[in-house]
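Trainee: sequence and predicted structure, then a few things I'm wondering about:
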Amino acid sequence: MTTWRRPGPWLVGLVVCAVVGAGVPAWTQGRVAARYAVGAADLAAGRAALDTLDVRGRAPSTGYARERFGQAWADTDRNGCDTRNDVLRRDLTQPAVEHCVVMSGTLDDPYTGVRIAFTRGPGSAEVQIDHVVALSDAWQKGAQGWSAAQREAFANDPANLLAVDGPANQEKGAGDAATWLPPNRGYRCVYALRQVRVKAAYGLWVTAAERDALDRELGRCVVGVARSP
């Protein structure tokens, strides 16, 4: 099993997507999509990775539990900070940190396109850390056969983690690309690329419907100039 390392510019880059959908003016969707860009090489790599994924049916979720993926937000990189706070520090702008704990900051949420003011406390759940490839989804598509150490590494891999809007994360649940995509259409290409790259790196499979959904979103990407991380 090859562990996917920290993301490169393709991951931090934002994506220009084709103008689609009903009920939203085309110029508005175009303006939103213009916030995102993906390089030609990254898109080609994503397409190649998609072609390597096995297509199978979803295995039963029997035996799945969060604990199967180790301690929640373990310090797997041994930097003295847990994974949740590592991701918050990475994804929030102007994070205020006290002894590894992120106390506040601002999230430019990729899933909804809304800016969220984060303050640690009763409202902390407004910003959650999403497993882009959900743990339950991974369990049903190959992770059952992994070792405990491999599952813990997957659950804490920053390449598969994003700080996002809490309600959007709850709505997604354990959905794959066939059942849930970010409401922010401009981000869907980057989201599809992340799912493909993670699944390819960890040898996870996809369902036929999921593969079709990922292929469709990659087909809607428009190549642009990715911004530096």
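Mentor: In hand now; what should we look at?

Trainee: where is the longest helix in this structure?
Mentor: Ranked by number of residues, the top helix in the chain under DSSP state H is helix 188-202.

Trainee: other SSEs contacting that one?
Mentor: Packing partners of helix 188-202 (3 or more Cβ pairs under 8 Å, 6 or more residues apart in numbering; DSSP states H and E): helix 9-12, strand 16-17, helix 40-52, helix 208-219. Every residue, glycine included, has its C-beta placed from N, CA and C.

Trainee: and the ones you listed: which comes nearest residue 69?
Mentor: Between residue 69 and the helices and strands packed on helix 188-202, the shortest separation by Cβ to Cβ is 20.4 Å, and it involves helix 208-219.

Trainee: re earlier: turn the helices and strands packed on helix 188-202 into CSV, including distance to residue 109, mean neighbour count and mean pLDDT.
Mentor: Compiled in CSV, these are given as follows (distance: least, Cβ to Cβ, whole Å; neighbours: other Cβ atoms under 10 Å; pLDDT from 0 to 100):
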stretch, distance to residue 109, mean neighbour count, mean pLDDT
helix 9-12, 15, 16, 39
strand 16-17, 17, 24, 32
helix 40-52, 22, 16, 96
helix 208-219, 19, 18, 97
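
Trainee: show the contacting residues for the residue nearest the centre of the chain.
Mentor: With distances taken as Cα atoms, centre = their mean, residue 132 lies nearest the centre of the chain, 3.1 Å away. Residue 132 sits next to 160, 161, 162, 191, 194, 195, 198 when contact means Cβ atoms under 8 Å, 6 or more residues apart in numbering.

Trainee: quick one: the strands in this structure, in order.
Mentor: Assigned by DSSP state E, the strands in the chain fall at 16-17, 93-98, 101-108, 115-119, 127-131, 161-165, 221-222.

Trainee: thinking again about what came up before, export the contacts of residue 132 to JSON lines and tack on pLDDT?
Mentor: Output for the contacts of residue 132, formatted as JSON lines (pLDDT from 0 to 100):
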{"residue": "160", "pLDDT": "97"}
{"residue": "161", "pLDDT": "98"}
{"residue": "162", "pLDDT": "97"}
{"residue": "191", "pLDDT": "97"}
{"residue": "194", "pLDDT": "96"}
{"residue": "195", "pLDDT": "97"}
{"residue": "198", "pLDDT": "98"}
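
Trainee: low-scoring pLDDT stretches of this structure, where are they?
Mentor: Applying pLDDT under 70 to the chain flags residues 1-34, 225-229.

Trainee: of all the strands of the chain, which lies closest to residue 181?
Mentor: Closest among those, using Cβ to Cβ: strand 16-17, at 10.9 Å.

Trainee: how long is stretch 119-139 end to end?
Mentor: One end of stretch 119-139 to the other measures 33 Å (Cα to Cα, to the nearest Å).

Trainee: also stretch 50-59?
Mentor: Distance between the two ends of stretch 50-59: 20 Å, counting by Cα to Cα.

Trainee: contact partners of stretch 65-82?
Mentor: Contacts of stretch 65-82 (Cβ under 8 Å, 6+ apart): 83-86, 89, 100, 129, 135, 139, 143, 148, 151-156.

Trainee: and those, which are buried?
Mentor: Among the contacts of stretch 65-82, those buried by neighbour count (16 or more other Cβ atoms under 10 Å) are 83-86, 89, 129, 135, 139, 143, 151-156.
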